[in-house]
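K.L.:
take this sequence and fold it.
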Amino acid sequence: MAAYNPKIIPLSQYYNIKPEIFEKMGILNIPLTADAPLFIDPRLLEGCTYNVFSDEAWGSYKQFFKDLFHKLVETNKLKGTLQNRAFKHAKSQLKAPEQKGLCLGYATQNNKGRGIGPKRAEQILNSATEIIKNGVLNPELFSVVFLLEEGLGGDCISDLTAKIILPQLCEFTQIISQQLGIQTKNYIVNGKHYSLPQHPIENDCYLLFVPVDIINKLPTETDLHSVFGTFLSNFEHTPSQSNDNLRENVNQQIADIWRDAQKDKLADSDIKRSLKQFVYKNPDAVKSIIKAVETTDLPPINFDTDLTGFNIASKFANYFDPTTISSITTNNKLTTIDELLKKFQNFLSNNTNYKRDLLYVNGKNKHEHAWQQTLRCYVDSSLRALNIDITPEFPTGRGLVDFKFSEGENFKVLVEMKLSTNGQYLAGLTNQLEIYKDATNNVKKAYFIFVDLSKDEKSTKQIQTLLDAKKQYGLDTEILVIDGTLPNSASKVH
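P.N.:
Numbers count the residues shown, from 1 in each chain. The predicted model follows:
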């Protein structure tokens, strides 16, 4: 099996362009070797600052679903072989392989994602057909399908959107490449010639630039809660207080379904199933949800306040002096990793500026993933120079360990990181990491990194609990404690 190649290479770093230039131009500074947990949100096209998207791409997107809607209406009038052929043709239009040149989606180890295949395309068409047969003649019905169908997340919507607006993405990339002086090659895309950069990693693929203001982050379960939360806020009374006329109101019925689901703490998949049973058979319900989707405010992602730390890779170099780890020259891989992780411990514990600028937003610490990204950026170049691969979120067969450092199959080191705010911190050491070690062959050592975000009595007890558990269970995992606080901020961190 081919080795993973998860090295983080932001566009700005690869092309030797200052990250600030990408920010000023509003261009997404994507990593080249792993899909970013982001997606093209078609609802943001209309408000994009670049006209090629706000006008042309938005128009293409709307027209695509109008045409698909009319095709389905006509298909339903056919019978037998003719209907099957028409349905098959519609399904081929919906199929959308992931655009590798975008580097967006859920593929964490490389940028080869899943796209929309035949099964998902058929799922979309079957649901849309059901709604049409029940009397809804509005192309916007697809927004309801994407909202309620299980498995049709933002990454699938993004792949389909990218397919629809591919000419505009290519045109945009061609212009941006000229402005930035990036070398291009001639590619034929959908029968038209474009001058596009060759993807640095995928040799058979071009690279596509994307404006930041049409991007949102995955997952998008919040969409479900944002849209249907509006129904609940409009009907604050309980069902028992409803009069007969109000009970018949479709919005009240939707609110009741949503309220009951929240009361019963149903999973989103079960909520969608309950809503589908009512909505798909009720034209007025479909119309109400279409209106709710259209009026729900979903702004593009703000990378300055984003808690996931997407922009860490592009800004890390501004805070890191590589000479501080250049002295690590030992030929012993275990010793090298040990020294490197302890230098990382010192770097993060004592670098107030870095933590304040990249790991906190308005006094609130960013998510665990952001802190993990910092570790990945810190160790990447040093370990790779020693032919040690770095695999984030490595699948052990019993779950995903935060990091695996490896050289072939015979040398592996596992690293798990937990913030002190993570209620599962102890299980991370005594259970989670031990399971990963047992499920992974040739593990030479394991580290548990605990990030103290408060430095108070509670976190002191947490650290002692970890040390006591290590001794009690005879664990050979090494525990590293990092001071993640900002000066005078302990009382503000939650």
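K.L.:
just the helices in the stretch 251-400 of the chain please.
P.N.:
268-279, 283-295, 312-315, 333-350, 352-354, 368-385 (DSSP state H, counting those that start in this stretch).
K.L.:
so which of those is the most packed in?
P.N.:
Neighbour counts (mean count of other Cβ atoms under 10 Å) averaged over each of the helices of the stretch 251-400 of the chain peak at helix 312-315, with a mean of 23. Every C-beta, even on glycine, is put in place using the N, C-alpha and C of the backbone.
K.L.:
run the chain-centre distance for it.
P.N.:
16 Å (Cα atoms, centre = their mean, to the nearest Å).
K.L.:
cool, and stretch 307-323?
P.N.:
19 Å.
K.L.:
now do it: everything it contacts.
P.N.:
The contact list for stretch 307-323, computed with Cβ atoms under 8 Å, 6 or more residues apart in numbering, reads 8, 10, 12-13, 19, 22, 29, 31, 36-38, 217, 301, 303, 347, 351, 353-354, 357-359, 361, 364, 366-367, 369-371, 373-374, 377-378, 381.
K.L.:
check the gap between L147 and A57 for me.
P.N.:
21 Å (Cβ to Cβ, to the nearest Å).
K.L.:
the two: which is more packed in?
P.N.:
Legend: neighbour count by other Cβ atoms under 10 Å for L147 and A57, higher for A57 (27 against 22).
K.L.:
pLDDT weak spots in the stretch 101-250 of the chain?
P.N.:
Residue ranges of the stretch 101-250 of the chain with pLDDT under 70: 105-114, 218-222, 232-248.
K.L.:
how about stretch 87-105, which residues are buried there?
P.N.:
87, 90-91, 93-96, 98-105 (16 or more other Cβ atoms under 10 Å).
K.L.:
also stretch 60-75?
P.N.:
60-62, 64-65, 68-69, 71-72, 75.
K.L.:
just the closest of these to N422, please.
P.N.:
Y61 (39.8 Å; Cβ to Cβ).
K.L.:
and the strands in the stretch 1-150 of the chain?
P.N.:
With DSSP state E, counting those that start in this stretch as the criterion, the stretch 1-150 of the chain has strands at 38-40.
K.L.:
residue ranges of the helices in the stretch 101-250 of the chain, please?
P.N.:
Along the stretch 101-250 of the chain, the segments classed as helices by DSSP H, counting those that start in this stretch run 118-133, 141-148, 154-164, 166-180, 221-234, 244-247, 250-263.
K.L.:
angle of the third one against helix 141-148?
P.N.:
Pointing back at helix 154-164 there. 150 degrees (axes from the mean of the first three to the mean of the last three Cα atoms, to 10 degrees).
K.L.:
counting contacts, what elements does the longest helix belonging to the chain pack onto?
P.N.:
Assignment by DSSP state H gives helix 58-77 as the longest helix of the chain. Helix 58-77 sits against helix 80-94, helix 118-133, helix 141-148, helix 154-164, with contacts defined as 3 or more Cβ pairs under 8 Å, 6 or more residues apart in numbering; DSSP states H and E.
K.L.:
please repeat the previous calculation with a cut-off of 7 Å.
P.N.:
helix 80-94, helix 118-133, helix 154-164 (3 or more Cβ pairs under 7 Å, 6 or more residues apart in numbering; DSSP states H and E).
K.L.:
what does it contact?
P.N.:
By Cβ atoms under 7 Å, 6 or more residues apart in numbering, the list of residues contacting helix 58-77 from outside reads 42, 45-46, 83, 86-87, 90, 93, 125, 128-129, 132-133, 139, 142, 161, 164-165, 168.
K.L.:
and the residue lying closest to Y15 once chain neighbours are set aside, how many neighbours?
P.N.:
In space, Y15 comes closest to I182 once its chain neighbours are excluded; the distance is 5.8 Å by Cβ to Cβ, 6 or more residues apart in numbering. I182 has 18 neighbours, counted by other Cβ under 10 Å.
K.L.:
L160 too?
P.N.:
27.
K.L.:
so what's it up against?
P.N.:
94, 96, 116.
K.L.:
for the lengthiest strand in the chain, packing partners?
P.N.:
The longest strand of the chain (DSSP state E) is strand 443-452. In terms of contacts (3+ Cβ pairs under 7 Å, 6+ apart), strand 443-452 is packed against helix 333-350, strand 412-419, helix 433-439, helix 457-472, strand 478-483.
K.L.:
and the gap between the residue lying closest to Y50 once chain neighbours are set aside and D264?
P.N.:
Nearest residue to Y50, sequence neighbours excluded (Cβ to Cβ, 6+ apart): P211, at 5.3 Å. P211 sits 41 Å away from D264, taking Cβ to Cβ as the criterion.
K.L.:
quick one, which of those two is more surrounded?
P.N.:
Counted by other Cβ under 10 Å, P211 and D264 do not tie: P211 has more neighbours, with 23 against 10.
K.L.:
got a list of what the more buried one touches?
P.N.:
P211 neighbours (Cβ under 7 Å, 6+ apart): 26-27, 48-50, 53.
K.L.:
ranking these by neighbours, who comes first?
P.N.:
Result: F53 is most packed of these (other Cβ under 10 Å), 26 neighbours.
K.L.:
contact partners for the residue nearest to it when sequence neighbours are not counted?
P.N.:
Nearest residue to F53, sequence neighbours excluded (Cβ to Cβ, 6+ apart): L45, at 5.3 Å. Contact analysis of L45 by Cβ under 7 Å, 6+ apart lists 53-54, 57-58, 61, 214.
K.L.:
my guess is V415 meets S406, correct?
P.N.:
No. At 11.4 Å, V415 does not count as touching S406 under the criterion of Cβ atoms under 7 Å.
K.L.:
between these two, point out the one with more neighbours.
P.N.:
Under the neighbour definition other Cβ under 10 Å, V415 and S406 were set side by side, and V415 has more, 27 against 24.
K.L.:
number of residues surrounding K263?
P.N.:
8.
K.L.:
from the buried residues of stretch 60-75, pick the one nearest Y447.
P.N.:
Looking across the buried residues of stretch 60-75 and measuring by Cβ to Cβ, the closest to Y447 is Y61, at 47.0 Å.
K.L.:
how close does that closest one get to S143?
P.N.:
11 Å.
K.L.:
C-alpha coordinates for stretch 268-280, CSV please?
P.N.:
Extracted in CSV, the C-alpha atoms of stretch 268-280 (Å, rounded to 0.1, in the frame of the first residue of the first chain):
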residue,chain,number,x,y,z
ASP,A,268,-30.1,14.4,13.0
SER,A,269,-30.7,11.3,10.7
ASP,A,270,-33.8,10.4,12.7
ILE,A,271,-35.0,14.0,12.6
LYS,A,272,-34.6,14.1,8.8
ARG,A,273,-36.6,10.8,8.5
SER,A,274,-39.5,12.2,10.6
LEU,A,275,-39.6,15.5,8.6
LYS,A,276,-39.4,13.7,5.3
GLN,A,277,-42.4,11.6,6.0
PHE,A,278,-44.5,14.7,6.5
VAL,A,279,-42.8,17.2,4.2
TYR,A,280,-42.5,15.2,1.0
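K.L.:
work out the gap between that stretch and the centre of the chain.
P.N.:
24 Å.
K.L.:
average model confidence for it?
P.N.:
Stretch 268-280 comes out with an average pLDDT of 90.
K.L.:
so how far is stretch 52-64 off the chain centroid?
P.N.:
Using Cα atoms, centre = their mean, the offset of stretch 52-64 from its chain centre is 24 Å.
K.L.:
over to that stretch now: how far is its first residue from its last?
P.N.:
Start and end residues of stretch 52-64 are separated by 17 Å (Cα to Cα, to the nearest Å).
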